[in-house]
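K.L.:
The following block contains a protein sequence and its predicted model.
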Amino acid sequence: MPEPTISIEKKLFLRERELGALLEITQAINHDPTEDSLYKIFQFTLLGQLNIRRLVLYVLEEGQWQCVVSFGADLADFRQVPLPEAIINACTSASCPIPSLNLGKEWKQLETVIPVAQNGEVLAYVLIGNVNMDYVSEEATKFLETLSNILIGAIENRRLGRQRVAAAAIRKEIEIAQEVQTMLFPRHLPNNEYVAVHASYVPHTAIGGDYYDVVPIDDDRFLFCVADVSGKGVPASLLMSNFQAGLRTLLRQQADLATVVAELNNLIYRNAVSEKFITAFFGLYNRTTRTLQYVNAGHNSPIMLLDEAEGFQLLADGTTMLGIFDELPFLNVQTVPVPPRSLLLTYTDGLTEVFDQEGEEYGEEGVLRFLQRSRYVPLAKLHKELLKEIQCFNADGNHFADDITILSCRFK
């Protein structure tokens, strides 16, 4: 259809309306209202300044097309109508007449679709209908595209700004949680004529869910603990922080091992969120009696290598995972003798739940085989070689599916 002839006076009038529309939109953007308010201002600007009586606006939000404006007499509620593939495929760079797209009956009240693109990507579609005959020229359509670009660009910048703020907040949370987690780990581990202790920690993500501790009780005794909280991230780090604070408070009060475990269960049950729980192993070594009291709370069984004649022992007895029940259904504190030159390895499940190309698990058996051939290797080297072995075994190389914590004790 040929474009209508417009007098100079009419053109000036239309330019005045366009400037008015542009002024309203830019003032609204500078006033910094919400996105919903901007969409409403856009709608009423086109209605009041440009006399566009029907308007539909689709915007690409998180990869999905959403109708954010649906306005005009006799129009369907396009917020409930998906954007047709015909529009997406046909209108990528220039406006399209809607009748040529053979859409459904609800689209008959609309006349033109205008794509709004930035950096070669279409971010929105403006669909208009019942337009004043003075405002159907190609030049006018270009102005509508410009006005829409300004609006969509402003909204996109706001989203990016919010994403940057949110990302910065997350980074700060992670930084704080990492600092908290680092503070949880002991600075010094026993290494004397009676015992040597070594620990290694390999986090899966920036903030892991594993924890280990070694706490001196008196000249003869120390307690060690390895724990694994369900989940990762900041909530797991905070729960572990509560766990450590509770553990150390109970030990300062000279609580026995059964009381320590029962009270920690109660603490976790009251403070855990999102169905979190903790598996843990607690060991209390007495160098004078050469005995180890222990409770295994649903954790991987530590491996105690005895002398070559007696083989090994798995320390599996104890109780359930902590934080599941308000009161533990059972609690057994076991005491085992610790012969000279015994080696104890405690770990989290990230060490054993490693799979090769055939889907075979490294497992407890793999750890045991490694220990039996490496029992006299210095602890730091033993940890390093064990981590190297599971890295070679792992189908994903050094990308592990979970945190890995190892704590070993060599009793002299």
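P.N.:
In hand now; what should we look at? Numbering: from 1, shown residues only.
K.L.:
Every contact and neighbour count from this point should use C-alpha atoms.
P.N.:
Fine.
K.L.:
Break the protein into its domains for me.
P.N.:
As given by automatic domain parsing, the domain ranges for the chain are 8-164, 185-411.
K.L.:
out of the ones you listed, deepest packed?
P.N.:
Looking across the domains of the chain with neighbours counted as mean count of other CA atoms under 10 Å, the highest average goes to domain 185-411: a mean of 18.
K.L.:
coming back round to it: redo the domains of the chain as CSV? Include distance to Glu179 and mean pLDDT.
P.N.:
Shown next, in CSV, are these (distance: least, CA to CA, whole Å; pLDDT from 0 to 100):
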stretch, distance to Glu179, mean pLDDT
domain 8-164, 22, 74
domain 185-411, 10, 90
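K.L.:
nearest to Lys172, of those domains?
P.N.:
For those, proximity to Lys172 was assessed by CA to CA; domain 185-411 is nearest, at 10.7 Å.
K.L.:
how much distance is there from that closest one to the middle of the chain?
P.N.:
Relative to its chain's centre, domain 185-411 lies at 26 Å (CA atoms, centre = their mean, to the nearest Å).
K.L.:
mind listing what Phe393 touches?
P.N.:
354-356, 362 (CA atoms under 8 Å, 6 or more residues apart in numbering).
K.L.:
which one among those gets closest to Phe312?
P.N.:
For these, the nearest to Phe312 is Tyr362 (18.5 Å; CA to CA).
K.L.:
State the phi and psi torsions of that closest one.
P.N.:
Per-residue torsions, Tyr362: phi -60, psi -50 (degrees, to the nearest 10).
K.L.:
Next one: it from Leu251, what distance?
P.N.:
Distance from Tyr362 to Leu251, counting by CA to CA, to the nearest Å: 36 Å.
K.L.:
could you say what helices and strands the helix or strand harbouring Met240 packs with?
P.N.:
Here Met240, judged by DSSP states H and E, is contained in helix 233-252. Judged by 3 or more CA pairs under 8 Å, 6 or more residues apart in numbering; DSSP states H and E, helix 233-252 is in contact with helix 138-184, strand 221-229, helix 257-271.
K.L.:
Please name whichever of the ones you listed is nearest to Leu247.
P.N.:
Of the helices and strands packed on helix 233-252, nearest to Leu247 by CA to CA is helix 257-271, at 6.8 Å.
K.L.:
next structured bit after that closest one?
P.N.:
Downstream of helix 257-271, the first helix or strand assigned by DSSP H and E is strand 278-286.
K.L.:
Run through who's touching that following strand.
P.N.:
With CA under 8 Å, 6+ apart, strand 278-286 has contacts from 220-230, 257, 268, 291-299, 320-323, 346.
K.L.:
hmm, back to that, next, the angle from the helix holding Met240 to strand 278-286.
P.N.:
If you take axes from the mean of the first three to the mean of the last three CA atoms, to 10 degrees, helix 233-252 sits at 30 degrees to strand 278-286.
K.L.:
tell me the angle helix 233-252 makes with strand 221-229.
P.N.:
Using the same axes, to 10 degrees: helix 233-252 against strand 221-229 is 160 degrees.
K.L.:
element containing the residue nearest to Ala124 when sequence neighbours are not counted, please.
P.N.:
Distance criterion CA to CA, 6 or more residues apart in numbering; nearest residue to Ala124, sequence neighbours excluded, is Val59 at 4.3 Å. According to DSSP H and E, Val59 maps onto strand 52-61.
K.L.:
tell me what that strand is packed against?
P.N.:
helix 35-50, strand 64-71, strand 121-131.
K.L.:
10 Å - rerun?
P.N.:
helix 35-50, strand 64-71, strand 112-118, strand 121-131, helix 138-184 (3 or more CA pairs under 10 Å, 6 or more residues apart in numbering; DSSP states H and E).
K.L.:
May I have the strands that pair with that strand, each with its orientation?
P.N.:
strand 64-71 (antiparallel), strand 121-131 (antiparallel) (DSSP bridges).
K.L.:
Alpha carbons only: can I get it in PDB?
P.N.:
Output for strand 52-61, consisting of C-alpha atoms alone and laid out as PDB, is shown next (Å, rounded to 0.1, in the frame of the first residue of the first chain):
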ATOM      1  CA  ILE A  52      -1.600   4.000  18.700                       C
ATOM      2  CA  ARG A  53      -4.700   2.300  20.000                       C
ATOM      3  CA  ARG A  54      -3.700  -1.400  20.200                       C
ATOM      4  CA  LEU A  55      -0.300  -2.500  21.500                       C
ATOM      5  CA  VAL A  56       1.300  -5.800  22.400                       C
ATOM      6  CA  LEU A  57       4.900  -6.100  23.600                       C
ATOM      7  CA  TYR A  58       6.800  -9.400  23.900                       C
ATOM      8  CA  VAL A  59      10.100  -9.300  25.700                       C
ATOM      9  CA  LEU A  60      12.800 -12.000  25.900                       C
ATOM     10  CA  GLU A  61      13.300 -12.800  29.600                       C
END
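K.L.:
angle of that strand against strand 112-118?
P.N.:
40 degrees.
K.L.:
picking that back up, any idea of the angle the helix holding Met240 forms with helix 257-271?
P.N.:
150 degrees.
K.L.:
Using CSV, list the CA coordinates for helix 233-252.
P.N.:
Output of helix 233-252 as CSV, limited to C-alpha atoms (Å, rounded to 0.1, in the frame of the first residue of the first chain):
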residue,chain,number,x,y,z
GLY,A,233,27.8,-23.5,49.9
VAL,A,234,27.2,-20.9,52.5
PRO,A,235,24.4,-22.8,54.4
ALA,A,236,26.7,-25.8,54.8
SER,A,237,29.6,-23.6,55.9
LEU,A,238,27.4,-21.9,58.5
LEU,A,239,26.1,-25.2,59.8
MET,A,240,29.7,-26.5,60.1
SER,A,241,30.6,-23.3,62.0
ASN,A,242,27.8,-24.1,64.5
PHE,A,243,29.0,-27.7,64.7
GLN,A,244,32.6,-26.7,65.5
ALA,A,245,31.5,-24.1,68.1
GLY,A,246,29.3,-26.7,69.8
LEU,A,247,32.0,-29.3,69.8
ARG,A,248,34.6,-27.1,71.3
THR,A,249,32.2,-25.7,73.9
LEU,A,250,31.3,-29.2,75.0
LEU,A,251,34.9,-30.3,75.2
ARG,A,252,35.8,-27.3,77.4
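K.L.:
Noted, bye for now.
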